[in-house]
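Trainee: requesting a structural model of the entry that follows:
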Amino acid sequence: MMIKIRFCGFGGQGIVLLAEILGHAAVFAGKWAAQSASYGAEARGSASTSEVIISEEWIPYPKVEEADILVAMSQDGYNKYLKEVVEGGTILFDSTLVRPDGDGDGDGKGNAPKRHHRYPIPASRLAREELESPIVANMIMLGALIRLTGVVSPEETRGAIEAHVAERFRELDLRALEVGLRLAEELKERDE
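Mentor: The predicted structure follows:
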């Protein structure tokens, strides 16, 4: 089975790092992974997109045309890529920064189309309030993503963070991952 994931946001949020860590976690799990990214020349504040494809088999084409999962950390990214999520796909969005109202795919009143599973994740708010560091909102989103989808395990993700993130940021990133895992578990329990 092949899973195609698109991350979008703006420069400075760690969108590319988020995808790289997920790709490494997939490799640690013994899977194939392909990752690509695009971002504006200004880096901070400009649009940023990164994609990861995870598969049990070799990946013949490393670009995501339609995503199984969209992780949106900016309104512009959400608006741009919402229509490129497959029917039955999963959408996680940073509800601190993204408002789904009038997205053109729902009923115009902010209600999700029935064809997607949507999860509001207040990652930016939690990063500020619980961890006192807005730069780890991406790791909160990663924790929520892996708990809600099971695409890789928390152990594999922790290993990828430890292997990929500079030591001075590692503890904070791991704490943020745990916040995302906890939040997603609460969302899953609420939905059951």
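
Trainee: only C-alpha atoms for contact and neighbour calcs from this point on.
Mentor: Noted.

Trainee: helices and strands around the helix or strand hosting Tyr119, which ones?
Mentor: Secondary structure assignment for Tyr119, by DSSP states H and E: strand 117-121. For strand 117-121, the contact count by 3 or more CA pairs under 8 Å, 6 or more residues apart in numbering; DSSP states H and E identifies strand 85-94 as packing neighbours.

Trainee: what about the strand it packs on, distance to the chain center?
Mentor: For strand 85-94, the separation from the chain centroid amounts to 10 Å (computed by CA atoms, centre = their mean, to the nearest Å).

Trainee: kindly report the same for stretch 11-31.
Mentor: Taking CA atoms, centre = their mean, the mean C-alpha location of stretch 11-31 is offset from the chain mean by 10 Å.

Trainee: I'd like the numbering to begin with 839 instead of 1 from here.
Mentor: Got it, first residue is 839 now, which makes that one stretch 849-869.

Trainee: now that stretch: mean pLDDT?
Mentor: Per-region confidence: stretch 849-869 scores 94 on mean pLDDT.

Trainee: hey, C-alpha coordinates of it in PDB?
Mentor: Included here for stretch 849-869 are C-alpha records, laid out as PDB according to Å, rounded to 0.1, in the frame of the first residue of the first chain:
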ATOM      1  CA  GLY A 849       8.700  29.200   5.700                       C
ATOM      2  CA  GLY A 850       9.900  29.100   9.300                       C
ATOM      3  CA  GLN A 851       7.300  26.500  10.400                       C
ATOM      4  CA  GLY A 852       9.600  23.500   9.700                       C
ATOM      5  CA  ILE A 853       7.400  22.000   7.000                       C
ATOM      6  CA  VAL A 854      10.400  20.500   5.200                       C
ATOM      7  CA  LEU A 855      11.800  19.100   8.500                       C
ATOM      8  CA  LEU A 856       8.500  17.600   9.300                       C
ATOM      9  CA  ALA A 857       8.400  15.700   6.100                       C
ATOM     10  CA  GLU A 858      12.100  14.600   6.400                       C
ATOM     11  CA  ILE A 859      11.500  13.200   9.800                       C
ATOM     12  CA  LEU A 860       8.400  11.300   8.700                       C
ATOM     13  CA  GLY A 861      10.300   9.900   5.800                       C
ATOM     14  CA  HIS A 862      13.200   8.800   8.000                       C
ATOM     15  CA  ALA A 863      10.700   7.200  10.400                       C
ATOM     16  CA  ALA A 864       9.200   5.200   7.500                       C
ATOM     17  CA  VAL A 865      12.700   4.000   6.500                       C
ATOM     18  CA  PHE A 866      13.300   3.000  10.100                       C
ATOM     19  CA  ALA A 867      10.100   0.900   9.800                       C
ATOM     20  CA  GLY A 868      11.600  -0.900   6.800                       C
ATOM     21  CA  LYS A 869       9.400   0.900   4.300                       C
END
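
Trainee: cool, thanks, talk later.
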